[in-house]
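[1] this is the structure alone, sequence omitted:
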């Protein structure tokens, strides 16, 4: 196999269900392929924030989300081609089970829909612990449910070499699928979870050692060369018919851009001038979609990172503020102790600094944060009310958010997002309506003014670029008024 494919090749690691070991094996593959000298690009199917953090820590490049609920087919293909085009191979980590989409009952927004949109092969990771021959009808069912014949290989996870040696020939004799190897059941490679998913990479002291060990085991137990050959053959064949995720992406002509820039009026140049947007980025606030940040930069934002945990105040000379999601509850004591930062944020927002706050950032704006153990901590005090861990999942799943009075969005339009939180607020707001597609439910949410958008939903800005355009327009107006 050459070190560089002619197309944008890649494969999706999926599974029959959550908890099958996708993240561990994805991390191992990223490390193993990187160790081979390949330039690897990682993606996560679905809205998850934490898995891309593992990808970034391992390969040292940003990992992107590919979500069919947030983006249509053409957008998915453009997002994939735009990132994978400069890499030797892409590894996509699926979400939940391969066919699990909206509400767990629809194929829409599933990893399989991503595979169909990009025409990429699927490698199925099956947790075979405690299984025998029953793994065969399980695989047969998944293959029968695959009309596009995208499932091109299987890896048996959490099993032994002896079982693999005995069952692999039987599987390959009875089913049209190669068994590419197995991965041992090693408790030392277990990635711990909490209610929102895996623990963050920074919380796992020996993550690097775990990853190197997993990559070594992968090289011994999985036929990586055979997998790459399958991927190359599949993508070469698919490229001739579909493009294999390589739809051409228009690139701007530098000469045309320069000519256009010369003809811009001074007023237009002033309008397009960058504005400085402070983005909370630390252990407590770290849930950001890469595409959101890239969109803001494309629209003229200079993003300035700061830490509500460690810095004394907001960065100087800023025109807007973003408080993203994360785990503020794990650092509630430190956030409370950093009184100067809380005061800096409170004064800035009371001074009408344009701002976005979602989930963890929204919680931080409240007067108080009450944890499950009953301890209460003072937060920024911008919103009158409490955020409390109520001990059960409050909201979970995809949503479309529509303003009751048009402000950030054009009249009647919505922006897509996702919710997943165990905290609830005594001041959830009622300026928007959130609608869940499956099952169909609606509820009021959000605090929205001309310059502020605060609430639990995590938004995907490219699903309605008007949202980012409005935010930066308000930031530019704020700069002119200073």
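    The structure has been received and is ready for your questions. Computed from a prediction, not measured in an experiment: that's the story for all the values here.
[2] just list whatever residues bridge to residue 302.
    residue 276 (DSSP bridges).
[3] beta-bridge partners for the residue nearest to residue 397 when sequence neighbours are not counted, please?
    Nearest in space to residue 397, with sequence neighbours left out and distances taken as Cβ to Cβ, 6 or more residues apart in numbering, is residue 436 at 5.6 Å. Where C-beta positions appear, they are placed from N, C-alpha and C, glycine not excepted. Counting by DSSP bridges, residue 436 is bridged to residue 441.
[4] so residue 436 makes contact with residue 401?
    No - taking contacts as Cβ atoms under 8 Å, residue 436 lies outside contact range of residue 401: 10.7 Å.
[5] if you count surrounding residues, which of those two has more?
    More crowded of residue 436 and residue 401, by other Cβ atoms under 10 Å: residue 401, with 26 against 18.
[6] quick one: residue 479 from residue 275, how far?
    6 Å (Cβ to Cβ, to the nearest Å).
[7] repeat that for residue 459.
    19 Å.
[8] check residue 30 too.
    35 Å.
[9] and residue 413, by the same measure?
    24 Å.
[10] more neighbours: those two, which one.
    Neighbour totals were compared for residue 413 and residue 275, and residue 275 leads with 22 against 15 (other Cβ under 10 Å).
[11] show me what contacts that one?
    Applying Cβ atoms under 8 Å, 6 or more residues apart in numbering to residue 275 gives the contacts 300, 301, 302, 319, 320, 472, 475, 476, 479.
[12] give me the spatial nearest neighbour of the last one, chain neighbours excluded.
    The shortest distance from residue 479 to any residue that is not its chain neighbour, by Cβ to Cβ, 6+ apart, is 4.6 Å, and that residue is residue 319.
[13] pretty sure the one you found is touching residue 480, no?
    No - Residue 319 lies out of contact with residue 480 (Cβ under 8 Å); the separation is 9.5 Å.
[14] so which of those two has more stuff around it?
    Taking other Cβ under 10 Å, residue 319 and residue 480 do not tie; residue 319 has more neighbours (23 against 10).
[15] state the mean pLDDT of the helix or strand hosting residue 82.
    Residue 82 is part of helix 73-84 when elements are defined by DSSP states H and E. If you average the pLDDT over helix 73-84, you get 91.
[16] again, but for stretch 276-289
    96.
[17] cool, and stretch 35-51?
    Stretch 35-51 comes out at a mean pLDDT of 92.
[18] so which bits of that stretch are buried?
    In terms of neighbour count (16 or more other Cβ atoms under 10 Å), stretch 35-51 has its buried residues at 36, 38-51.
[19] what does stretch 295-310 give?
    295, 296, 299, 300, 301, 303, 304, 306, 308, 309.
[20] for the third one, which residues are in contact?
    Listed by Cβ under 8 Å, 6+ apart, the contact partners of residue 299 are 465, 468, 469, 472.
[21] the last one against residue 298, yeah?
    In other words, residue 472. No - judged on Cβ under 8 Å, residue 472 makes no contact with residue 298 at a distance of 10.2 Å.
[22] ok, the residue nearest to residue 151 when sequence neighbours are not counted - contacts?
    Closest residue to residue 151 apart from its sequence neighbours, by Cβ to Cβ, 6+ apart: residue 122 at 4.7 Å. Residues near residue 122 by Cβ under 8 Å, 6+ apart: 11, 12, 14, 94, 98, 111, 112, 115, 146, 150, 151, 152.
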